[in-house]
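Asks: sequence and predicted structure below; questions after.
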Amino acid sequence: MKKNTRRSFIINSIMAGVGATGFLSTLPIKDAVSEDHNSSHKYTKKGKTDDYAWIRMECEKVVQTCKIKAIDGSILFTPDGVGHYGAMWTRDFAYLVEHGCEFLDQKQVKFAIEILLYGQRKDGAIPDRVNERLVPIYYPGAVKGSIITREKLQMFQEKNLLGALRGPMGEVPALDNPMFMVSLIYHYHQHFKDKKFVASTLSALHQALDFVPMNRGLVYNDPQRPSCTYGFQDNVAKGGHDLFASLLYIIACHQMKELDPTNDEYWHKRATVAENNLWLLFDEKRGIYLAANEICRQVDIWGNAFLVAYNIGDSYLQKKVAQYLAKNYKSYMYAGQVRHLPTPEYWERMFKPLSKDTYQNGGYWGTASGWVIKALQTVDPKLADSTFNELINNYHRGIFEWISPSGSKGPDLYVATILNVWSLVKDKHNNFR
């Protein structure tokens with residue numbers, strides 16, 4: 001199918017498609033919590049070289065098994081390799097491209113990015129995900145209504161109604177996807193060197209970042225009408241200035257300086273203002289940043305580790321954060337994987353109830369492990385190394401989305417769980433050699 005024909009097909013599919021609840025509900029969903037994959041993940045104490053080879057093999061497996069075909073035959077990259085999530089999520093795809101471009105085909109990646117861009121709303125909102133029928137879905141959670149007619153979707157687009165394809169999580173579309181779209185194009189270009197494609201996306205990226213609600217340079221989530229601010233916390237109804245989304249915004253601005261050099265001063269200023277105002281989220285008594293400064297004034301372990309790993313903000317405060325993570329290590333770490341909040345805390349407010357000690361309300365995730373390990377390396381290298389070893393040993397039992405000491409777990413072959421630590425594995429392998 002020629003490129004222009006394929007683009008028309010995508011646009012027509014978006015306009016006439018079936019919503020995820022209707023179409024995806026007919027797909028077989030594996031019970032990843034009860035299914036045991038130990039047969040392919042046997043625990044062995046391997047040497048560093050063998051571990052490198054095994055982890056690389058698992059990365060390649062995850063990349064291949066996470067692919068599904070869209071209605072037009074193009075490839076979508078889903079969050080896992082066992083068929084649990086039947087669509088392409090913008091942020092999960094962004095993590096894959098950031099950390100695993102060496103395992104990917106350029107044409108497939110480029111076309112998948114274009115599919116997401118085709119779904120951008122007139123107000124700049126980026127889809128949270130796109131399903132197999134190439135229908136863009138902007139809100140986390142299940143879609144209201146099983147069938148979206150062409151006429152209804154066209155009305156939503158033209159009138160920019162916030163209720164279009166709305167799910168239960170948020171008053172407006174997820175706030176992090178504009179930043180992850182920047183990340184997708186930035187890391188795609190870093191690996192494949194495609195200036196022409198970058199130039200064609202700049203207008204869309206500007207519009208996407210303008211969609212994000214800002215206050216004093218930071219991402220602001222209206223406490224009375226909250227939205228999802230970061231997809232791996234999409235069930236959490238935070239309010240006020242938001243830590244993780246603001247960190248993503250700072251990084252996106254730095255990336256835009258390279259993608260859009262004619263406006264580098266503009267992007268530098270926006271990043272600087274945001275970094276200078278992160279103190280609004282810092283808790284002096286505890287020596288750590290809060291997830292938000294109005295609703296959910298709680299310690300965001302992921303956000304703090306991410307801040308240190310990506311060298312964001314004041315260096316003195318970065319050190320205090322790293323020291324907190326080392327001192328309070330046992331309150332958030334299990335099997336090398338990371339809880340969102342230190343025990344015994346649970347999120348103050350959520351869009352829908354979640355059982356304690358599961359998923360985003362007390363589960364332990366490998367997605368954030370690489371950030372924590374990098375943060376710990378700055379203050380306690382031995383603790384960082386032992387965490388890394390424990391994590392890799394545990395991955396031999398399964399590369400799950402999340403785990404719990406009770407035995408509960410998410411789907412296996414989860415992309416962000418292993419790809420987000422792949423760069424660490426490569427670094428250690430190169431140092432070992």
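Replies: That came through, no problem. Note that the coordinates shown come from a computational prediction; the quantities given were computed from them, not determined experimentally.
Asks: and stretch 339-347, how far out from the chain's middle?
Replies: 19 Å (C-alpha atoms, centre = their mean, to the nearest Å).
Asks: can you list contacts of that stretch?
Replies: With contact meaning C-beta atoms under 8 Å, 6 or more residues apart in numbering, stretch 339-347 is reached by 233, 235-236, 296, 298-302, 328, 331-333, 356, 360-365. Every residue, glycine included, has its C-beta placed from N, CA and C.
Asks: could you do stretch 265-281 as well?
Replies: So stretch 265-281 is contacted by 216-218, 241, 243, 246, 249-250, 253-254, 256-257, 260, 289-290, 292-293, 307, 312-314, 317 (C-beta under 8 Å, 6+ apart).
Asks: hang on, the earlier thing: buried ones among the contacts of stretch 339-347?
Replies: In these, burial by neighbour count holds for 233, 235-236, 296, 298-302, 328, 332-333, 360-365, counting by 16 or more other C-beta atoms under 10 Å.
Asks: can you pull out the helices in the stretch 201-350 of the chain?
Replies: For the stretch 201-350 of the chain, the helices defined by DSSP state H, counting those that start in this stretch occupy 243-259, 264-276, 301-309, 315-327.
Asks: and those as CSV, adding mean pLDDT and distance to D105?
Replies: Formatted as CSV, the helices of the stretch 201-350 of the chain follow (pLDDT from 0 to 100; distance: least, C-beta to C-beta, whole Å):
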stretch, mean pLDDT, distance to D105
helix 243-259, 98, 22
helix 264-276, 98, 30
helix 301-309, 98, 28
helix 315-327, 97, 37
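Asks: please identify the deepest-packed of those.
Replies: Compared across the helices of the stretch 201-350 of the chain, helix 301-309 shows the largest average neighbour count, a mean of 25 (mean count of other C-beta atoms under 10 Å).
Asks: dump the residue contacts of the closest residue to V321 other than its chain neighbours.
Replies: Leaving aside its chain neighbours, V321 sits nearest to N304 (4.8 Å; criterion: C-beta to C-beta, 6 or more residues apart in numbering). Going by C-beta under 8 Å, 6+ apart, N304 touches 243, 288-289, 321, 324-325, 375.
Asks: which other residues reach stretch 239-248?
Replies: Here stretch 239-248 makes contact (C-beta under 8 Å, 6+ apart) with 175-176, 179-180, 183, 212, 215-216, 218-224, 226, 229-230, 233, 274, 278, 280-281, 289-296, 300, 302-304, 306-307, 310, 312, 349.
Asks: so for it, first residue to last residue, what's the gap.
Replies: Terminal residues of stretch 239-248 lie 17 Å apart, using C-alpha to C-alpha, to the nearest Å.
Asks: off-centre distance for it?
Replies: Taking C-alpha atoms, centre = their mean, the mean C-alpha location of stretch 239-248 is offset from the chain mean by 14 Å.
Asks: kindly state the pLDDT recorded for the closest residue to Y334 other than its chain neighbours?
Replies: Among residues not flanking Y334 along the chain, Y364 sits closest, at 4.4 Å (C-beta to C-beta, 6+ apart). Here the pLDDT value assigned to Y364 is 98.
Asks: and Y364, how close does it get to G410?
Replies: Taking C-beta to C-beta, to the nearest Å as the measure, Y364 falls 10 Å from G410.
Asks: then L96?
Replies: 17 Å.
Asks: ok, those two, which is more surrounded?
Replies: The residue with more neighbours, out of L96 and G410, is L96; 28 against 22, by other C-beta atoms under 10 Å.
Asks: just to check, that one is in contact with T78?
Replies: No: applying C-beta atoms under 8 Å, one finds L96 not in contact with T78, separated by 9.7 Å.
Asks: which residue is nearest the middle of the chain?
Replies: R91 (3.8 Å; C-alpha atoms, centre = their mean).
Asks: secondary structure class for that residue?
Replies: When classified by DSSP: H, G, I helix; E, B strand; the rest coil, R91 comes out as helix.
Asks: that one: what's it in contact with?
Replies: Shown in contact with R91 (C-beta under 8 Å, 6+ apart): 176-177, 180, 231-232.
Asks: dump these into a markdown table; add pLDDT, distance to L419 and neighbour count as well.
Replies: Formatted as a markdown table, the contacts of R91 follow (pLDDT from 0 to 100; distance: C-beta to C-beta, whole Å; neighbours: other C-beta atoms under 10 Å):
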| residue | pLDDT | distance to L419 | neighbour count |
| --- | --- | --- | --- |
| D176 | 98 | 18 | 30 |
| N177 | 98 | 19 | 29 |
| F180 | 98 | 14 | 26 |
| G231 | 96 | 16 | 23 |
| F232 | 97 | 14 | 21 |
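Asks: ok, the residues you listed vs D264, which is closest?
Replies: Ranked by distance to D264 (C-beta to C-beta), those are led by F180 at 21.3 Å.
Asks: what's near enough to touch the closest residue to A94 other than its chain neighbours?
Replies: Leaving out its chain neighbours, the residue that sits closest to A94 by C-beta to C-beta, 6+ apart is F180, at 4.0 Å. Applying C-beta under 8 Å, 6+ apart to F180 gives the contacts 90-91, 93-94, 126, 248.
Asks: re earlier: hey, what's the residue nearest to Y334 bridged with?
Replies: Beta bridges link Y364 to R339, I403 when assigned by DSSP bridges.
Asks: any idea how far it lies from Y188?
Replies: With C-beta to C-beta as the criterion, Y364 and Y188 are 31 Å apart.
Asks: and if you look at I295?
Replies: Taking C-beta to C-beta, one finds I295 at 35 Å from Y188.
Asks: so for the two, which sits in the more crowded spot?
Replies: Looking at I295 and Y188 with other C-beta under 10 Å, you find the greater number of neighbours at Y188, namely 24 against 19.
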